[in-house]
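J.: starting from these lines, generate the structure:
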Amino acid sequence: MDSRMRPQRVTLRRLLAAAGLVLFYWSGGTPARAQQPLMGPSLSMEDPMAVFANPAILSFQRARLALGAKAYHLGVSEAGGVPLRQGAFVLSTPFLLSDRFGAGALVQYFDSPIFQRTSIGLGVSARVLRFVSVGVQLAAFNLSYDAANFIEFDPADPVFAGGYSRTVINASLGAYAQPLPALSLSLGVRNANSPDLSLVGDGVLLSPEPFIGAGYAVGPVRALLELVGTPYGAETRWSVEAVSLAGSYLRFSSNTAFDQARVEGLLHVGGPISVSYGYELPFGALGGATNGSHTVSVVYEFGRTPDLPDPIVPPAFLYTTELPALDPVLRPRVYTSATSDYLRYYEQIIVRQIDSDVPDEALRQLTEADLGALDSVLVARPPAYAPAPIYDPNERVVMTGSYSSQYEASLREAGRVVGRDETQTIRVTAPSGDVLRATGIRNRLVAQGIPENRIELSPAPADSMLEPATQESFLPEAYMLRLEPAETVLYFLGANQDSAAVDWEVRVEDADGRVVRSFSGAGAVPDQLMWDWMDETGAVIAPGVYQYRMSWTDRQGERHVSNRRTLYVQKFLRKTTVRVTRDPEALRREADRIELRIQH
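T.: The predicted model follows:
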């Protein structure tokens with residue numbers, strides 16, 4: 001090669017080395033903050049960008065789609081700066097397969113006048129336990145250089161023998177755990193396979209980035225601390241965030257060196273839409289002429305429950321009358337009313353899940369109440385039996401005999417759940433013939449450290465126990481619809497009707513004025529009509545506010561209209577899931593009271 005080309009190759013290699021250095025800054029938590037990917041803390045369940053930091057968080061986040069962009073001005077000299085462009089896309093589905101496996105599509109891009117990088121990947125997570133998940137992220141990582149912006153270089157240089165771009169596979173691993181409601185932990189490594197980013201494959205590797213983190217919440221405030229390994233040493237990053245029940249949050253974050261600070265917030269604006277804004281101001285060596293960075297994201301959440309409307313208070317049941325205007329001739333009038341202007345209808349769904357390892361003998365011991373009975377949660381009913389407490393139980397009674405490991409584990413787990421919350425209690429109920437057995441269970445729980453005043457012994461006569469479960473009780477799903485009241489009667493009171501009606505019509509309209517139900521007839525106006533709350537298609541009218549009135553035509557062909565009345569319709573939906581299992585871990589969920597019922 002001509003010796004005159006060597007300085008150009010040296011200049012080119014320096015240019016590529018500088019670009020590689022910038023890329024290392026992007027991957028490794030260094031002062032070049034503006035070129036890092038859009039990435040949230042590895043412990044944040046509310047931040048959609050957290051899946052880039054820890055793929056295991058997918059199993060604990062909401063199903064959503066997020067689109068974010070970052071605009072900033074990085075100061076590189078006193079003369080000005082270099083505008084850079086960056087963005088990200090996230091699609092997460094935490095319950096893709098049952099409730100244990102989730103997946104997400106992840107895209108990151110960065111564009112500069114010298115080089116561009118793009119990462120398109122897929123993240124998969126799985127729950128190992130109820131509170132532990134693991135995840136992996138695989139991405140196609142492309143790095144390309146813009147030769148049009150190079151100065152004095154040889155296009156035939158061997159550096160570009162394979163072209164101006166390179167695509168590699170980048171892998172990240174992570175784990176997330178929430179052993180306590182207030183405590184969260186994370187662990188993993190990004191760039192786990194150390195992909196080679198050199199255009200000629202000579203070992204310019206993207207260094208692995210191990211991370212470990214912990215978070216603790218006190219009420220709505222949560223503190224997060226992460227330790228991240230970078231090519232330049234370990235770095236500590238911390239955040240403090242306040243989270244609302246609607247999923248909105250406000251977070252302040254920095255590192256121990258405090259060479260950068262970031263303020264970010266996400267606001268739920270209504271329905272499935274939330275917006276996020278973040279401002280980052282670096283204070284490091286490369287921040288001399290910078291104005292910071294601005295990140296804006298739009299988030300769409302799938303299946304988000306809408307806010308409950310304020311309850312509508314119906315007016316008192318009164319006849320609404322108006323004094324007629326002074327008129328030499330009294331005009332005919334009809335006044336309308338109803339037995340009920342307020343409809344409540346209840347839908348109840350019971351979903352039953354029975355583990356495959358539960359034996360038939362155990363299922364035959366279940367009662368109807370164990371598997372959930374329709375109407376049991378919508379109507380206040382007296383209990384099936386009124387137990388009388390046992391006082392001064394014999395402390396010398398102990399459990400004897402051979403019990404299964406599941407039985408023993410269930411007692412231990414019930415004691416653990418009640419022991420950590422002083423507001424919870426345990427009730428042991430049994431027929432009168434099993435009082436000694438109930439006393440033995442009580443003494444066993446006291447030995448585990450449960451205070452005596454939080455354990456009740458309640459015997460019940462054998463003939464007052466609940467009925468055994470029927471075949472219908474084992475159906476996977478049960479549904480019930482109930483209207484209160486089941487129907488209403490519309491009344492019509494006529495006045496000054498010297499001229500008989502030829503025809504009449506009653507119209508029920510929704511808030512937009514659309515007719516949902518109408519009644520009509522010929523001849524005199526009826527005294528009353530019975531209505532079953534159905535619309536013209538035979539379906540129950542939807543929740544909302546409605547109005548109805550009567551109109552009729554007299555023999556002279558003149559049309560008359562009655563007063564308007566308002567109807568209020570409110571819907572209540574209750575879905576209950578009943579799980580029959582032999583796994584004592586199912587008792588870990590919070591409960592107000594645990595009842596141990598002895599049936600055999």
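J.: hang on, isn't T425 packed against R454?
T.: Yes. Using Cβ atoms under 8 Å, T425 is in contact with R454, at 4.7 Å. Any C-beta I mention is one placed from the backbone N, CA and C, and that applies to glycine too.
J.: anything in contact with each of those two?
T.: Shared contacts of T425 and R454 (Cβ atoms under 8 Å, 6 or more residues apart in numbering): V418.
J.: show me what counts as buried in the helix or strand where T439 lies.
T.: According to DSSP states H and E, T439 maps onto helix 435-447. Under the neighbour-count criterion of 16 or more other Cβ atoms under 10 Å, helix 435-447 has 435, 437-446 buried.
J.: try stretch 513-530
T.: Under 16+ other Cβ under 10 Å, the buried positions of stretch 513-530 are 516-517, 519, 525, 529.
J.: and of those residues, the nearest to S340?
T.: Among these, L529 lies closest to S340 (Cβ to Cβ), at 13.5 Å.
J.: could you pull out the helices for this structure?
T.: 6-27, 50-53, 360-363, 405-419, 435-447 (DSSP state H).
J.: what does stretch 492-508 rub up against?
T.: By Cβ under 8 Å, 6+ apart, the list of residues contacting stretch 492-508 reads 319, 330-337, 490, 515-529, 531, 541, 546-556, 562, 567.
J.: the residues you listed in strands, which ones?
T.: 333-337, 490, 515-522, 528-529, 531, 546-554, 567 (DSSP state E).
J.: sketch out the low-pLDDT regions of the stretch 401-550 of the chain for me.
T.: 401-402, 432-433, 459-466, 495-499 (pLDDT under 70).
J.: what's the closest non-adjacent residue to A63?
T.: F302 (4.2 Å; Cβ to Cβ, 6 or more residues apart in numbering).
J.: whoops, I mixed them up, M534
T.: V540 (6.3 Å).
J.: could you measure from that neighbour over to V525?
T.: To V525, V540 is 27 Å away according to Cβ to Cβ, to the nearest Å.
J.: what's the answer for G123, then?
T.: From G123 across to V525, the span is 68 Å (Cβ to Cβ).
J.: what about F141, distance to A103?
T.: Using Cβ to Cβ, F141 is found at 19 Å from A103.
J.: give me the distance between the two termini of stretch 557-566.
T.: 28 Å (Cα to Cα, to the nearest Å).
J.: in that stretch, what's buried?
T.: Those would be 560, 562, 565, for stretch 557-566 by 16+ other Cβ under 10 Å.
J.: same check, this time on stretch 477-492
T.: 478, 483, 488, 490-492.
J.: okay, now the unreliable bits of the stretch 101-250 of the chain?
T.: In the stretch 101-250 of the chain (pLDDT under 70), the answer is 151-155, 161-162, 201.
J.: of all the buried residues of stretch 557-566, which comes closest to P48?
T.: Closest to P48, out of all of the buried residues of stretch 557-566 and judged by Cβ to Cβ, is R565, at 48.3 Å.
J.: residues in contact with stretch 562-572?
T.: Contacts of stretch 562-572 (Cβ under 8 Å, 6+ apart): 311-312, 314-315, 320-322, 333-338, 341-347, 378, 492, 508, 533, 541-551.
J.: are any of these buried, and if so which?
T.: 333-338, 341-343, 345-346, 492, 508, 533, 541, 544, 546, 548-551.
J.: who's in contact with I312?
T.: Contacts of I312 by Cβ under 8 Å, 6+ apart are 545, 568, 570.
J.: I'd say the first one and E509 touch.
T.: Right, V545. No. Using Cβ under 8 Å as the test, V545 is too far from E509 to be in contact (10.2 Å).
J.: neighbours around L475, how many?
T.: Close neighbours of L475, defined as other Cβ atoms under 10 Å, add up to 12.
J.: count of residues packed around the nearest residue to it once chain neighbours are set aside?
T.: Leaving aside its sequence neighbours, L475 sits nearest to R352 (Cβ to Cβ, 6+ apart; 7.0 Å). R352: 17 surrounding residues under other Cβ under 10 Å.
J.: residues contacting T295?
T.: Contacts of T295 (Cβ under 8 Å, 6+ apart): 38, 68-70, 264, 276-280.
J.: confidence score at it?
T.: Model confidence at T295, expressed as pLDDT, equals 87.
J.: what's the answer for S98, then?
T.: 68.
J.: how about the strands in the stretch 451-600 of the chain?
T.: 455-460, 477-484, 488-495, 501-509, 515-522, 528-531, 544-554, 559-561, 565-580, 593-597 (DSSP state E, counting those that start in this stretch).
J.: of all the ones you listed, which one is nearest S165?
T.: Comparing the strands of the stretch 451-600 of the chain under Cβ to Cβ, the one sitting nearest is strand 565-580, at 51.2 Å.
J.: buried set for that closest one?
T.: Per 16+ other Cβ under 10 Å, strand 565-580 contains these buried residues: 565, 567-570, 580.
J.: one more: stretch 189-209?
T.: 189-193, 195, 197-199, 204, 206, 208-209.
J.: which two in these are spaced the farthest apart?
T.: Largest pairwise distance in the buried residues of stretch 189-209, by Cβ to Cβ, is 25.5 Å, between V189 and L199.
J.: gap between N149 and Y216?
T.: 48 Å.
J.: of the two, which one has the most company?
T.: Y216 (14 against 11).
J.: pretty sure the more buried one contacts R222?
T.: Yes. Counting by Cβ under 8 Å, R222 is a contact partner of Y216 at 7.0 Å.
J.: for whichever strand in the chain runs longest, what is the distance to the chain centroid?
T.: If you go by DSSP E, the chain has its longest strand at strand 80-97. Relative to its chain's centre, strand 80-97 lies at 21 Å (Cα atoms, centre = their mean, to the nearest Å).
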